[in-house]
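Q: Fold the following for me, if possible:
(one chain, ligands or ions: 2)
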Amino acid sequence: MKILIVGSGGREHALAWKVRQSPLVKEVYCAPGNGGTAIIAENVPIKETDIPALADFAASKKIDLTIVGPEQPLVAGIVDYFENKGLRIFGPSRKAAEIEGSKIFAKQFMVRHRIPTARFQIADSPELAMKIIRSGEFLFPMVIKADGLAGGKGAIICNNLKKAEETIHNLMIKKQFGEAGERIIIEEYLRGHEVSFIVISDGTRALPLVTTKDHKPVFDGDRGPNTGGMGAISPSPHISRELFLEIMDIIIIPTITRLLEERRKFCGVLYAGLMLTAEGPKVLEFNCRFGDPETQPQMLRLQSDLVEIILDALEGHVLSREVHWSERPAACVVVTSGGYPIKYETGKKITGLNRAESIPGITIFHAGTKIEDGNFVTSGGRVLGVCASEPTLEKTMEKIYGAISVINFEGMHFRRDIGCER
Ligand code: AMP
Ligand code: GLY
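A: Ligands and ions are numbered 1, 2, ... in the order given. Presented below is the predicted three-dimensional model:
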């Protein structure tokens, strides 16, 4: 088979790495890919949002299966476009992807179907938004979210009225995220442990992947602004067997079933970002794709063939085969450019990669890297994901931090407390 992977992050490098191990696969292409995917696959210089060009490429290369990493092309309808042209692609349709594309749709869907989530109000004007934050209905901290996609930066936690007013101003008047902030959600702040609960759905059933915990804030101790993810460990240390079944029962299965009933059949990866509150698990958000960096430790632990699983899902029988996972924990620590997620420089030469990668048990997935004159240089905010899977979480983290200590580039930053559970 020939496989095309759409995207350019660490998640896509991990997917390409896993797919390449499948005996079914002969060729792997990544569009546009990164410095790491260039080594294990063929990079194609087409942007992930250029849907017609991606479809033309898939048709001309006779690609057998396209796997989509990021949300933007899914929300824009890449799956409908490919399917109309008779091209096989894995991911939800535009209508199903709205579960991520519109937070207001997702919230109203959860209310309609009694799927537990934070209490909220919707505002379609700055005046209404100001009225809601001053009404006393929500205590501080409160959370303000843009309705549309904002690259993972659209949820702002506001500790006081001043910050809430400023956030409304930025989203709705200054239009910091463009149209995405024309309507907003104001919601109660939930306390608890966060978990990424990710399943592969065939439209009616769900195959749960091993659980993960993402670390979103940029600095140790969960300080600083939220990022796309600074590291992930698997399994989540906070999910018992009982809680796992409860999440499937009251969140995952109802979501898939109700989407089907609402003619938004969800075939693809459904990612529920959950807060484990004292009142039980509640949905913070849904994503319509694999997580980044959650995919990196998940692919290290997956022992079965990802391509077979995806083909099963596309054929409507995702639960037909036994899927095997390593019992060992796995983790990924993300190394970023200094200043990420706000302002950072790129084009920095990365040294020590070969040495780090030659440490037995270390796998490095690239994100914002490219090859220039035979060297890897930085080209984005999140640069590398250094991963391992050892008999214990402690040993896993020791190995990863040992490998990071031999990597260097100007301004490099990473969290030193991934996997340290408080
Ligand atoms: P979202 O894009 O909705 O997942 O939000 C991004 C991050 O903001 C989440 O992963 C949480 O860490 C945090 N967050 C979002 N909503 C809430 C909430 N209601 N209470 C507490 N934290 C939240
Ligand atoms: N790591 C968070 C996400 O993939 O959305």
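Q: Quick check, pLDDT for the spatially most central residue of the chain.
A: Nearest residue to the geometric centre of the chain (Cα atoms, centre = their mean): residue 291, 2.4 Å. For residue 291, the pLDDT comes out at 98.
Q: Shouldn't it be within a helix?
A: No: per DSSP: H, G, I helix; E, B strand; the rest coil, residue 291 lies outside any helix segment and is coil.
Q: so it touches residue 228, yeah?
A: No: Residue 291 lies out of contact with residue 228 (Cβ atoms under 8 Å); the separation is 9.4 Å. Placement of C-beta: from N, CA and C, glycine included.
Q: Tell me how many other residues crowd residue 188.
A: Counted with other Cβ atoms under 10 Å, residues neighbouring residue 188 total 16.
Q: Residue 279 too?
A: 9.
Q: Also the one 4 residues further on?
A: Residues contacting residue 283 under the criterion other Cβ under 10 Å number 21.
Q: Which residue comes closest to it once chain neighbours are left out?
A: residue 117 (4.5 Å; Cβ to Cβ, 6 or more residues apart in numbering).
Q: And the one you found, how close does it get to residue 365?
A: 32 Å (Cβ to Cβ, to the nearest Å).
Q: Comparing those two, which residue is more hemmed in?
A: A direct count of neighbours by other Cβ under 10 Å for residue 117 and residue 365 places residue 365 higher, at 29 against 23.
Q: so what secondary structure elements neighbour the strand or helix carrying residue 66?
A: Using DSSP states H and E, residue 66 sits in strand 65-68. Contact here means 3 or more Cβ pairs under 8 Å, 6 or more residues apart in numbering; DSSP states H and E; on that basis strand 65-68 packs against strand 2-7, helix 78-84, strand 89-90, helix 306-314.
Q: what sits against the residue of the stretch 101-250 of the chain found nearest ligand 2?
A: Residue nearest to ligand 2 within the stretch 101-250 of the chain (Cβ to the nearest ligand atom): residue 229, separated by 3.3 Å. Neighbouring residues of residue 229 by Cβ atoms under 8 Å, 6 or more residues apart in numbering: 152, 214-216, 291-294, 334, 382.
Q: Make CSV out of those and add distance to ligand 1.
A: Shown next, in CSV, are those (distance: Cβ to the nearest ligand atom, whole Å):
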residue, distance to ligand 1
152, 6
214, 7
215, 10
216, 5
291, 11
292, 13
293, 13
294, 12
334, 15
382, 16
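Q: What's the local residue count around residue 53?
A: By other Cβ under 10 Å, the residues close to residue 53 number 14.
Q: What would the host helix or strand of residue 225 look like as CSV? C-alpha coordinates only.
A: Per DSSP H and E: residue 225 is located in strand 223-226. This file holds the C-alpha atoms of strand 223-226, laid out as CSV (Å, rounded to 0.1, in the frame of the first residue of the first chain):
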residue,chain,number,x,y,z
ARG,A,223,2.7,27.7,35.2
GLY,A,224,2.6,30.0,32.2
PRO,A,225,0.4,30.1,29.1
ASN,A,226,-1.1,26.9,27.6
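Q: Any part of the helix or strand where residue 19 lies near ligand 2?
A: Secondary structure from DSSP H and E places residue 19 in helix 10-20. No: using Cβ under 6 Å from any ligand atom, helix 10-20 stays clear of ligand 2, with a minimum separation of 7.3 Å.
Q: Can you point out the buried residues in the strand holding residue 225?
A: By neighbour count with 16 or more other Cβ atoms under 10 Å, strand 223-226 contains the buried residues residue 226.
Q: Also stretch 9-22?
A: Buried residues in stretch 9-22 (16+ other Cβ under 10 Å): 9-19, 22.
Q: avg pLDDT for that stretch?
A: For stretch 9-22, the mean per-residue pLDDT is 98.
Q: Send over it as PDB, restricted to the C-alpha atoms.
A: In PDB, the C-alpha atoms belonging to stretch 9-22 read as follows (Å, rounded to 0.1, in the frame of the first residue of the first chain):
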ATOM      1  CA  GLY A   9       4.100  17.800  13.600                       C
ATOM      2  CA  GLY A  10       5.500  15.300  16.000                       C
ATOM      3  CA  ARG A  11       2.200  13.400  15.800                       C
ATOM      4  CA  GLU A  12       2.600  13.000  12.100                       C
ATOM      5  CA  HIS A  13       6.200  11.800  12.500                       C
ATOM      6  CA  ALA A  14       5.000   9.200  15.000                       C
ATOM      7  CA  LEU A  15       2.200   8.100  12.700                       C
ATOM      8  CA  ALA A  16       4.600   7.800   9.800                       C
ATOM      9  CA  TRP A  17       7.000   5.800  12.000                       C
ATOM     10  CA  LYS A  18       4.300   3.400  13.000                       C
ATOM     11  CA  VAL A  19       2.700   3.000   9.600                       C
ATOM     12  CA  ARG A  20       6.100   2.200   8.100                       C
ATOM     13  CA  GLN A  21       6.300  -0.900  10.400                       C
ATOM     14  CA  SER A  22       3.200  -2.400   8.800                       C
END
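Q: In terms of helices and strands, where is residue 300?
A: Assigned by DSSP H and E, residue 300 belongs to helix 295-301.
Q: got the contact list for the residue nearest to residue 283?
A: 107, 110-111, 282-284.
Q: if I look at it, how far off is ligand 1?
A: As judged by Cβ to the nearest ligand atom, to the nearest Å, residue 117 and ligand 1 stand 8 Å apart.
Q: picking that back up, give the pairing partners of the strand holding residue 66; include direction for each.
A: Using DSSP bridges, strand 65-68 pairs in its sheet with strand 2-7 (parallel), strand 89-90 (parallel).
Q: do it and ligand 2 meet at all?
A: No: Strand 65-68 lies out of reach of ligand 2 by Cβ under 6 Å from any ligand atom, never closer than 13.5 Å.
Q: Which other helices and strands does the helix or strand that that strand is followed by contact?
A: For strand 65-68, the following helix or strand on the C-terminal side (DSSP H and E) is helix 71-75. Counting contacts by 3+ Cβ pairs under 8 Å, 6+ apart, the secondary-structure elements packed against helix 71-75 are helix 94-101.
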